[in-house]
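K.L.:
structure for the following, please:
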Amino acid sequence: MKKLNLGNINAGLNSLKAATDNAAQNGRFELIDTALIDFAAKNSYAADDNEESYKELAANIDEVGLLTPLGVIVNGNRYTLFSGERRFRAITTYLHWTKVPCYVFETKSVRKAQLMLHQANASREYTPQRKLQLYEEYRELLEEMKEAGEIKGGMQEHLAKLMGVSERSVRYYKQMSEQLTSEEKEDVAEGRLDIKEARERAVERGRETGNIAGSGEKEEKSEKSEKPKQDKLEQAILKVLKLADKEDPEKVTALLNRYLRGYMG
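P.N.:
The predicted structure follows:
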């Protein structure tokens, strides 16, 4: 028997907590026919997924169950997927489920649906290069929502929450976004331009224009210090999993599934 993938279980538990907290306020739980689910029109988070990752995830779901239901938005008689594209592809390609557990949300705004997609992926870990890309995606969407009256509050506050960084760090990414050329940004994304050098260029150009965000070193320390701590309950579960993974995987799988059924009501 294969060992349990603790990394995937941990990520699933984190997502489960966020999803259930959100759904308790806004959504409803349903089993949805997979043939009625469509992919989101724009999902840059799926760019790095591949068949190997789908296959590995399918094996993990087959082993311990689906830890986190998918997130879908009602779209007429169909549903648009905003959270769980990789899980959906793994399930439909390798496990051939005809129905899948989902949290169902109602919204008529395409922008709000896109924001929910971003929020569903906010807990992931990203490189500074990827964060620069996400900053620009988030800012464009939030500016449209602000203009349409769909969100309130400061732009930096919303960006900081989505990116999981301080508002000061947001100002730093803003400076890079504004001061780097499109070619330089592409070089950063492709790894041809080191992020540290890109930051230095942005800072230097910012000084020339009077737009100074601060030092990159301080920003990195700020981001690391603000990462949320794991929930104590999840830490306890992981300790049990690590022990049981060495001794009795089948027993811990049964216990974990029992816990999840209780947690989901």
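K.L.:
my read: Arg201 touches Thr181, true?
P.N.:
No: using CB atoms under 8 Å, Arg201 is not in contact with Thr181, being 9.4 Å away. The way it works is simple: take the backbone N, C-alpha and C, and place the C-beta from them, glycine included.
K.L.:
between the two, which one's more packed in?
P.N.:
Neighbour tally, Arg201 and Thr181, criterion other CB atoms under 10 Å: the higher count belongs to Arg201, 16 against 10.
K.L.:
and Tyr138, what is it in contact with?
P.N.:
By CB atoms under 8 Å, 6 or more residues apart in numbering, Tyr138 lies in contact with His118, His158, Leu159, Leu162, Met163.
K.L.:
show me where the stretch 51-200 of the chain has its helices.
P.N.:
For the stretch 51-200 of the chain, helices defined by DSSP state H, counting those that start in this stretch occupy the ranges 51-64, 85-90, 110-120, 128-147, 155-163, 167-179, 182-190, 195-209.
K.L.:
need those helices in JSON lines with mean pLDDT and distance to Val104, can you?
P.N.:
What follows is these, written out as JSON lines (pLDDT from 0 to 100; distance: least, CB to CB, whole Å):
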{"stretch": "helix 51-64", "mean pLDDT": "90", "distance to Val104": "20"}
{"stretch": "helix 85-90", "mean pLDDT": "91", "distance to Val104": "14"}
{"stretch": "helix 110-120", "mean pLDDT": "75", "distance to Val104": "12"}
{"stretch": "helix 128-147", "mean pLDDT": "88", "distance to Val104": "22"}
{"stretch": "helix 155-163", "mean pLDDT": "88", "distance to Val104": "23"}
{"stretch": "helix 167-179", "mean pLDDT": "90", "distance to Val104": "32"}
{"stretch": "helix 182-190", "mean pLDDT": "90", "distance to Val104": "35"}
{"stretch": "helix 195-209", "mean pLDDT": "88", "distance to Val104": "39"}
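K.L.:
to Asp38, which of the ones you listed lies closest?
P.N.:
Closest to Asp38 of these, according to CB to CB: helix 85-90, at 10.2 Å.
K.L.:
contacting residues around the closest one?
P.N.:
Helix 85-90 is contacted from outside by 34, 37, 39-40, 43, 45-46, 49, 53-55, 57-58, 61, 66, 68, 70, 81, 100, using CB under 8 Å, 6+ apart.
K.L.:
again, only using 10 Å
P.N.:
If you take CB atoms under 10 Å, 6 or more residues apart in numbering as the criterion, helix 85-90 is touched by 12, 15, 34, 37, 39-40, 43, 45-46, 48-51, 53-62, 66-70, 72, 81, 84, 97, 100, 102, 117, 120-121.
K.L.:
drop anything exposed from those.
P.N.:
For the contacts of helix 85-90, a neighbour count by 16 or more other CB atoms under 10 Å gives the buried set as 12, 15, 34, 37, 40, 43, 45, 54, 57-61, 66-70, 72, 81, 84, 97, 100, 102, 117, 120-121.
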